[in-house]
Every structure is written in structure tokens, then in C-alpha cells.
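K.L.:
The following comprises the amino acid sequence and a computationally predicted model.
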Amino acid sequence: MSTARRGAAVAVLLLAGAVAAPVALAQAPAVLAPPENNVLLEGEQRFRPQWSARGQVAAQEPLASAAGAAILRQGGNAVDGAVATAFALAVTLPQAGNLGGGGFLLLWLPGPSPARGRGCLDGAPGVNPAAVPELAIGGGTAVAVNFRETAPAAATATLFLGPDGQVDRERATRSLLSTAVPGSVAGLALAQRCYGRLPLQVVMAPAIRLAAQGFPVSRELSDSLAAAAPRLQADPASRRLFLPPPPPGTRLRQGELAATLRRIAAEGEQGFYVGPVADALVAAMERGGGLITHGDLRAYRARLVRPLRREFRGHPVLTMPPPGGGLTLLQLLGILEPFDLAATGLNSAASLHPMAEAMNLAYRDRNALLGDPEQVPVPVERLLSPAHLDAMRRRIDRQRHTPAPALEAAAGREGLNTTHLSVADRQGGLVALTTTLNFPYGNGISVPGMGFLLNNEMDDFTARAGSANAFGLRQGAANAIAPGRRPLSSMAPTLVFRPDGRPWIATGSPGGSRIITTVLQVLLNRMVHGLNLASAAAAPRIHSQLWPDRIDLEQGVSPDTRRLLEAMGHSVRQAPAMGAANSVEVLDGGGSLGTVDPRRAEGPAVAE
Ligand code: DON
């Protein structure tokens, strides 16, 4: 079913020498250096990334990965491959891939920007052409695409409050009011137009084929549709598209979706934001009490933005600025940089304690201070300043957990709500793309006749200061609902570069509020603990987010570690699997390595 080929990893790197020596904190407890035999060659580790000479796609669903790899084979670059994969995921992974949602994309391409000649970086009203949002690094160009959904013009800060002043969770997650103006089509079309190499029609052809001709339903999709059936059942359009859940192995054909995709392929984003698709979406809103108007759709713009940058142990890390989750990720890397985590060891209590404490501190900033920088002042520079990071680090008691001011209701269980894909092309171009409908299948409501589901991203806003959203996040006024505003997100597609600036890793993850901590641990595992990419993605993870005041541990963290953490005052919970960090890495000697997170998916698809 998949074109995945598990080739041998040809590059064997001596990992001990791959990262700069960590600096020990003065007050750090004495620890034993890891014994020599703890340092394993890349090929000796428990998991193996897949190698390819000509680029590869690591996505959550193999048919979509194969669609992207086919486009790389046809001469597409990493952006073409990523856009092809994202449109294919809208067909084969309807719980997360989408036309009716949004996301973020980060890219690096070798050489001068291809966008300038295409009018993408000039001409936008109010944009100073001298302040183009790209970043030059490693002889190439990096940029981020913000295609997060926006609140409709009629949305108000109290949209989800009932007469009793409490948040109406049904309305915030299940109704058409929960839908923000979709951004995916605009974002993918913008990335393609400005940075792709092939025409949109070519890049979308595999997705159109998958929708029109159908594809064999996987067990995962069949099970996921069965689990969501009560929600999908409530909407006649979703019921017609997805129910009863097709058994594994049967073909799912989506003719309406194929027609919508054809329209987008022919007309670009105009095929979605005006014309019959927009008419059907707005009609559904009018019938069902939603807020999105033709004006909202016409006004929607995906944005090119400059990635956030900070060095970690000499490696430039580029990630998604607010409203994305990258600022929190960079804070965590900054707080943890001087800790000698390699010496205290992977998943030991001595390593996990400072990590969990750092997570709580970073989520405290996130929840209180972050929002959409186009509408609220976000003190990005201050929050990433050495003085602020030092102050956060000083608050970590090395022996004892600092309790959150109050305990809160448990965070919601994570589903397959979001999806991340990473692409490497044969020139070393990289893309990291995370996209979502928020919940699995969004709010469960489809646009009649158009074949796609709508997001419930409005729940990522602060419905009421201090009230937990679906991911247990208790956010503040900076993230209040306001017209045209983009809700704060945890999605953090990230690129890491070698110390000399050459591109190295593309990663990211789904997982709601656990996205940021998942990406953090993949990076620490690779850059500090010397795990290869596959082992770094597979290793058990932890998560803490201040409220609820506890550490979630995945299966595989030892009971001894758990007891030690409890003795330091942590409350600890055995948690379901977190995230799905599908990642790629460019090799020094050419070619790339890729891995799909074994929590979720089969192998990546290679281009040859
Ligand atoms: O943007 C966010 O942070 C959330 N809407 C993401 C939701 C998510 O990752 C759920 N995933 N598994």
C-alpha cells in the first residue's frame, strides 16, 4: 500500500561529537558522567530512520506521504511535496488533514528567495518591502506561513458564555459558532505560489485522484470514524460522507471533495473563498447559527512571517512565532540549555524534574501573555531575553517541585486531531507543516455538497479568563476572542540548522498543549542525548503545563523514576501516548533520514 522502502541508514555518525559540550550549572548536583558504552553509534540504536538519496516525506498517513513523494519524483521541491501531502491528508486523514482548518508551515530552500520574483514579498498593502519576513541562513531562505484560522467579524469576547457566566462547552466545540474562518487553502496556495516549483494543478493531482477514485480504508481510519460516529451522526452532511464507518479495506470515495479540490486546483484559493464553495459554507452558517460571512471569507489572508530564531548549543533553531507555539519551545530550550541533561541521562528523575519545572514556567508565560501579535502586544523579545530566561531558571528548585497556585480539572484526552508532516527534497530543502481542525473531525459538521469538515478552533481562544479549554489550558485576556484575531496555538513546526547554518532537521507534532513539549523532547533527545532521529521520536515522553499540576508520563518511563519524582513533590500520572513527531533530517554527505512517529503511523515514503 505504501511506497515506503526501508533502506539501510548509510551514514553512521559518532553522536558524542555531534553537539557542543553542555555547560553545567554551578548549583547542579554532582552526577556521574555517562559510561563510555552508553554512547551508541546511530546505526546501533533501537530504532532506525529511513534513508533516501532523493528526498522523502514523513507524514501520518502512508498514502498521503506517497502522494508527496510522487511530487518530489516529478521534480517538485520540498514545498511542492508538503503541499501535495497536505491536500492528500485532507482526503485520507479526514480527522486532521483538512480544507476547513488551519495551520503553520516553516520552510527552508537553498539559494535566493524564489518568492521575490513572483510578487509575493512586495505589493501587499502596508508591507514595507525592505522588511520582508524571510530570514537568510545557510545559503538559503527560510520563511514561515501563518494560515491559522481567524475569528469572524461578528465574534465577541463573551461568545461562549452562558447566561450564568460559565463557558458553554457544547457551543465552544460542537456548534457552528466554534468554527473560525478556515486558513488551510489560502496557506497552502500561498506557499505553493511563492515557493513551489510545480503548478498547483500538478501538485494537487494525487489528492484529487485519491478523493475521486477512493482509497482502501485503514483500520485506524475505520476505528476513528466509529469513535467519532455520535458526533458525525448529528450532522446530515457528515453522516452522508462518513457513516456508517467503512470497514477496513473497503474503498472510501469522496466525489464532492474531489470536485472541491478540482475547483481549488483550477482557481487557487479563489476556488474556496469565493464562488460555490464559499456560498455553500455561508449558507450552512446562516442555517445553523454560525457567524462566518462572505466578507469574512473574502478578507481571509494567509501571512508570510519571519520565523523566530534562537541558538541552542550552537545550533540555530527556527520555529513558529505567536500565535504558534514556537516561542514557548524556545523558552524551554533556553531555560534548559545550561542543564547537563546528557549527564543526568534520558528520562531519569534528575533530568525530568527540571524539564517539568521549566514546562510549568513556560506555560505560565504562554497562558498569561501570548496571543495574536497582529492584535495584542506580545513581548517576544523580553520573553526570550537572557535576563528573563535566567530569572525563570532561577525559580527552579533543584530538589523540589514548585506547586502550581491551584489544581485544575484534568486536560482532555488527546486524539488524532492534528497532524504534522516533514519533507526533505534532494537539494536539502526542508518543510515542517502542522495542520488541524482542533478536535478529531473538527466540530463534526461538514459543508453540504462540498465534502469537507469544519474546524472548532474558536475553542483555542480564552472563552473566560482562567477557564480550562479542551486541552486544560487556562489562558488570559491576551487570547480573548476578537474579530479577525487568530487564536493562540501550540502548533510548533520547527527547523534546526547545523552550527555553520546548513539545514539539518525538520520536525513538529500534533498533541494539543503537548505539541510544544513533544517537539522539545525530540530536539533534546537528538541534540543532547545523541539519539538518532527515529529513536529520538520513539523515546517515551513526559508533559507538564502548570495546570493541572502534574506530570504526565508515557508508558516506558520507569517506576523508579516515577517514585523519585513523587518524592520531589510531583504528582505523576500514567498518560496515553502523546504527539506524533514525523521528522526528517538532512545528512552531511547528501541524502536524508526520515522517521514517522511509531505512536501513529507506518513508514515515510521515499522519492526514488
Ligand atoms: O492549535 C492548537 O494548539 C490546537 N488546536 C491543536 C489541537 C491538537 O493538536 C489536537 N491533537 N492532537
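P.N.:
In hand now; what should we look at?
K.L.:
CA only for contacts and neighbour counts going forward, please
P.N.:
Fine.
K.L.:
tell me the contacts of Ser544?
P.N.:
Residues near Ser544 by C-alpha atoms under 8 Å, 6 or more residues apart in numbering: Ala356, Glu357, Met359, Asn360, Arg550, Ile551, Asp552.
K.L.:
wait, what's in contact with the fifth one?
P.N.:
Counting by C-alpha under 8 Å, 6+ apart, Arg550 makes contact with Ser544, His570, Ser571, Val572, Arg573.
K.L.:
What's opposite the nearest residue to Glu566 once chain neighbours are set aside in the beta bridge?
P.N.:
In space, Glu566 comes closest to Val572 once its chain neighbours are excluded; the distance is 6.8 Å by C-alpha to C-alpha, 6 or more residues apart in numbering. As for beta bridges, Val572 partners with Ile551 under DSSP bridges.
K.L.:
one step back: now, among the contacts of Ser544, which is nearest to Phe147?
P.N.:
For the contacts of Ser544, the residue nearest Phe147 by C-alpha to C-alpha is Met359; the value is 26.2 Å.
K.L.:
Can I take it that Gly271 is in a strand?
P.N.:
No: with DSSP: H, G, I helix; E, B strand; the rest coil as the criterion, Gly271 is located in helix rather than a strand.
K.L.:
just checking, it touches Arg263?
P.N.:
Yes: contact criterion C-alpha atoms under 8 Å: Gly271 and Arg263 qualify, at 5.3 Å.
K.L.:
residues touching the closest residue to Arg306 other than its chain neighbours, list them.
P.N.:
Spatial nearest neighbour of Arg306, excluding adjacent residues (C-alpha to C-alpha, 6+ apart): Pro133 at 4.2 Å. By C-alpha under 8 Å, 6+ apart, the contact set of Pro133 is Val143, Leu304, Val305, Arg306, Pro307.
K.L.:
Pro133 in helix, strand or coil?
P.N.:
Judged by three-state DSSP, the three-state class of Pro133 is coil.
K.L.:
repeat for Leu495
P.N.:
Assigned by three-state DSSP, the conformation of Leu495 is strand.
K.L.:
same question, the one 10 residues further on
P.N.:
Of the three states, Ile505 takes strand according to three-state DSSP.
K.L.:
before we move on, the earlier item: list phi and psi for the residue nearest to Arg306.
P.N.:
Phi and psi for Pro133, reported as degrees, to the nearest 10, are phi -80, psi 10.
K.L.:
Equivalent analysis for Thr328, please.
P.N.:
phi -60, psi -40.
K.L.:
Likewise for Glu311?
P.N.:
With angles defined as degrees, to the nearest 10, Glu311 sits at phi -90, psi 140.
K.L.:
Quick check: nearest residue in space to it, chain neighbours excluded?
P.N.:
Computed as C-alpha to C-alpha, 6+ apart, the closest residue to Glu311 that is not its neighbour in sequence is Val317, at 5.7 Å.
K.L.:
Tell me how far the one you found lies from Phe497.
P.N.:
Distance, Val317 to Phe497, by C-alpha to C-alpha, to the nearest Å: 6 Å.
K.L.:
More neighbours: the two, which one.
P.N.:
For Val317 versus Phe497, the count of surrounding residues by other C-alpha atoms under 10 Å is larger for Val317: 27 against 22.
K.L.:
distance between the host helix or strand of that one and the chain's centre?
P.N.:
Using DSSP states H and E, Val317 falls within strand 315-319. Centroid separation between strand 315-319 and its chain, computed with C-alpha atoms, centre = their mean, to the nearest Å, is 16 Å.
K.L.:
If you average the pLDDT over it, what comes out?
P.N.:
Strand 315-319 carries an average pLDDT of 98.
K.L.:
Neighbouring strands of that strand in the sheet, and parallel or not?
P.N.:
Strand 315-319 is paired, per DSSP bridges, with strand 308-312 (antiparallel), strand 494-497 (antiparallel).
K.L.:
Can I get that strand in CSV, CA atoms only?
P.N.:
Extracted in CSV, the C-alpha atoms of strand 315-319 (Å, rounded to 0.1, in the frame of the first residue of the first chain):
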residue,chain,number,x,y,z
HIS,A,315,22.5,25.2,16.5
PRO,A,316,20.2,27.9,15.1
VAL,A,317,16.6,26.8,15.8
LEU,A,318,13.8,28.4,13.7
THR,A,319,10.2,28.0,14.7
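K.L.:
Can you list the neighbours in contact with it?
P.N.:
Strand 315-319 is contacted from outside by 106, 307-311, 326-327, 492-499, 501, using C-alpha under 8 Å, 6+ apart.
K.L.:
Buried ones in the longest helix belonging to the chain, by neighbour count?
P.N.:
Ranked by number of residues, the top helix in the chain under DSSP state H is helix 349-369. Going by neighbour count (16 or more other C-alpha atoms under 10 Å), the buried part of helix 349-369 is 349-364, 366-369.
K.L.:
any idea which helix or strand of the protein has the worst average confidence?
P.N.:
Ranked by mean pLDDT, DSSP states H and E, the weakest helix or strand in the chain is strand 605-606, scoring a mean of 66.
K.L.:
and the residue nearest to Glu311, what are its bridge partners?
P.N.:
Assessed by DSSP bridges, Val317 has beta-bridge partners Arg310, Val496.
K.L.:
same question, Phe147
P.N.:
Here Phe147 sits in beta bridges with Gly103, as judged by DSSP bridges.
K.L.:
The helix or strand harbouring Ala90 packs against which elements?
P.N.:
In the assignment (DSSP H and E), Ala90 maps to helix 78-92. With contacts taken as 3 or more C-alpha pairs under 8 Å, 6 or more residues apart in numbering; DSSP states H and E, helix 78-92 sits against helix 62-73, helix 184-195, helix 200-213, strand 418-425, strand 430-436.
K.L.:
Of the ones you listed, which is nearest Gly472?
P.N.:
For Gly472, the closest of the helices and strands packed on helix 78-92 is strand 418-425, at 16.7 Å, according to C-alpha to C-alpha.
K.L.:
quick one: is the closest one near the ligand?
P.N.:
Yes: Strand 418-425 comes into contact with the ligand (C-alpha under 6 Å from any ligand atom), by way of Thr418.
K.L.:
CA atoms of that strand as CSV?
P.N.:
C-alpha atoms of strand 418-425 as CSV (Å, rounded to 0.1, in the frame of the first residue of the first chain):
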residue,chain,number,x,y,z
THR,A,418,-3.9,17.4,14.3
THR,A,419,-1.2,16.2,12.0
HIS,A,420,2.4,17.1,11.3
LEU,A,421,4.5,16.3,8.2
SER,A,422,8.1,17.0,7.4
VAL,A,423,9.6,16.9,3.9
ALA,A,424,13.2,16.9,2.7
ASP,A,425,14.0,17.3,-1.0
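K.L.:
so Arg382 touches His388, yeah?
P.N.:
Yes: if you go by C-alpha under 8 Å, Arg382 and His388 touch, sitting 6.7 Å apart.
K.L.:
more crowded one of these two?
P.N.:
Shown here are Arg382 and His388; by other C-alpha under 10 Å, His388 has more neighbours (16 against 11).
K.L.:
Could you pull up the residues touching that one?
P.N.:
His388 touches Arg382, counting by C-alpha under 8 Å, 6+ apart.
K.L.:
Which of the helices or strands spans it?
P.N.:
Here His388 is assigned to helix 386-394, by DSSP H and E.
K.L.:
Tell me how far that helix lies from the chain's centre.
P.N.:
27 Å.
K.L.:
Repeat that for stretch 110-118.
P.N.:
Mean C-alpha position of stretch 110-118 versus that of the full chain (C-alpha atoms, centre = their mean) differs by 25 Å.
K.L.:
Same question for stretch 241-252.
P.N.:
27 Å.
K.L.:
Next, the distance between the ends of that stretch.
P.N.:
Start-to-end span of stretch 241-252 (C-alpha to C-alpha) is 9 Å.
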